[in-house]
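Chemist: Any chance you could fold what I've pasted below:
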Amino acid sequence: MKDGGMFGGFHPFIKLLLLALVMLGSTLVVIVVGMIIAFPFIGGDLLSGLGTGDMDLNTLRYVQILSHLGLFITSAFIFSILIGGGPVKYYSAGKKPLGLTILLSAMIMVAAVPMVNFLMEINQALSLPESLKGIEQWMRSSEDAAEEMTKVLLDVSTPGGLLFNIFMIAIIPAIGEEFIFRGAIQRIFKQWTGNVHVAVFIAALLFSAMHLQFYGFLPRLMLGILLGYMFVVSGNIWVPVFAHFLNNALAVIFYYLVHNDMIGFEVENVGAGSIAPYAAAASMLFVILLFRFMRRAEHSHAF
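Modeler: Here you go, the predicted model:
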């Protein structure tokens, strides 16, 4: 797995540092340029909102999109040029995924729901020792603040608002985060350690930590592991991109349907309660089986 860009021959640690610098620089540039573009339209409101943290919904959405474009999509594009000769080559983005693999990736995301919900229950029940209660309170307050912001973004009542949320919360993050975490970080750690399983786990760990949502850490870690192995098995970045999109889009759609009183079904309740451990075990076995089918499909196609 050799890289052919300007910095392709550097040690993986240097590549990781370069990626961090590119992400930081891209974020600053995109946000500054975005603010300059928006200033004639929402100048005063924009500056006061940024200063106080009390932004109106449209400004909050705009800043959210800018941050994702800078931190993930723009940086992924620039990094691929510096390291591997461009996104098509470096991320294997020019390959068309198998239809069967895409179908199996969707089935994996659905089959994993009871396992993810069980990990969420475990995560929510975790507590720190008494000596670290101050840190735990800060974690709880940070989590509550993040949850409130998510609710503000998701709270729409029109089909247009739903489509915009799918674009903002499903499409942009799926592309940007997968290109960075699976396409770049997982690849770097595979080169560094020589062990694909270690690379998948570390990339998933960083993926979960990046969200800064401590009481959703374990389920997001599992999501990252599933996405990582989809990339390993398929060799195609668009497979985890699609699965990531599907996961986020379904969350957005179900929130919309539930909070507009269209359905009474809560995804978080799937496999919950007294059957949770058994549902999680069955979920894990089904996911493993689906991955085996995916590997066979890819292997058959290769020959």
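
Chemist: G183 contacts Y90, correct?
Modeler: Yes. With contacts counted by C-beta atoms under 8 Å, G183 reaches Y90, the gap being 7.1 Å. Yep, even glycine has a C-beta here, placed from its N, CA and C like the rest.

Chemist: quick one: common contacting residues for the two?
Modeler: S80 (C-beta atoms under 8 Å, 6 or more residues apart in numbering).

Chemist: What residues of stretch 91-101 count as buried?
Modeler: Within stretch 91-101, the residues scored as buried using 16 or more other C-beta atoms under 10 Å are 91-93, 97-98, 101.

Chemist: Repeat that for stretch 154-173.
Modeler: 154, 156, 162, 164-166, 168-173.

Chemist: Repeat that for stretch 185-203.
Modeler: 185-190, 192, 199-203.

Chemist: And the contacts of it?
Modeler: Outside stretch 185-203, the residues touching it (C-beta under 8 Å, 6+ apart) are 1, 12-13, 15-16, 19, 181-182, 206, 224-225, 228-229, 231-232.

Chemist: try stretch 101-121
Modeler: 216, 218-219, 221-223, 226, 230, 233-234, 236, 239-240, 242-243, 246-247, 250, 267-272, 276-277, 279-280, 282-284, 286-287, 290-291, 293-294, 297-298.

Chemist: Now do the contacts for A249.
Modeler: 166, 169-170.

Chemist: same thing but 10 Å
Modeler: 162, 165-167, 169-171, 174 (C-beta atoms under 10 Å, 6 or more residues apart in numbering).

Chemist: and it, what element?
Modeler: helix 238-259 (DSSP states H and E).

Chemist: okay, that helix in CSV with CA atoms only?
Modeler: Provided in CSV are the C-alpha atoms of helix 238-259 (Å, rounded to 0.1, in the frame of the first residue of the first chain):
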residue,chain,number,x,y,z
TRP,A,238,-18.2,4.3,-1.3
VAL,A,239,-19.4,1.3,0.7
PRO,A,240,-18.8,2.8,4.2
VAL,A,241,-19.9,6.2,2.8
PHE,A,242,-23.2,4.7,1.8
ALA,A,243,-23.6,2.8,5.1
HIS,A,244,-22.7,5.9,7.1
PHE,A,245,-25.2,7.9,5.1
LEU,A,246,-27.9,5.3,5.6
ASN,A,247,-27.3,5.3,9.4
ASN,A,248,-27.6,9.0,9.7
ALA,A,249,-30.4,9.5,7.2
LEU,A,250,-32.6,6.9,9.0
ALA,A,251,-31.9,8.6,12.3
VAL,A,252,-33.0,11.9,10.8
ILE,A,253,-36.1,10.5,9.2
PHE,A,254,-37.2,8.6,12.3
TYR,A,255,-36.8,11.7,14.4
TYR,A,256,-38.8,13.6,11.9
LEU,A,257,-41.6,11.0,11.9
VAL,A,258,-41.7,10.6,15.7
HIS,A,259,-41.6,14.2,16.6
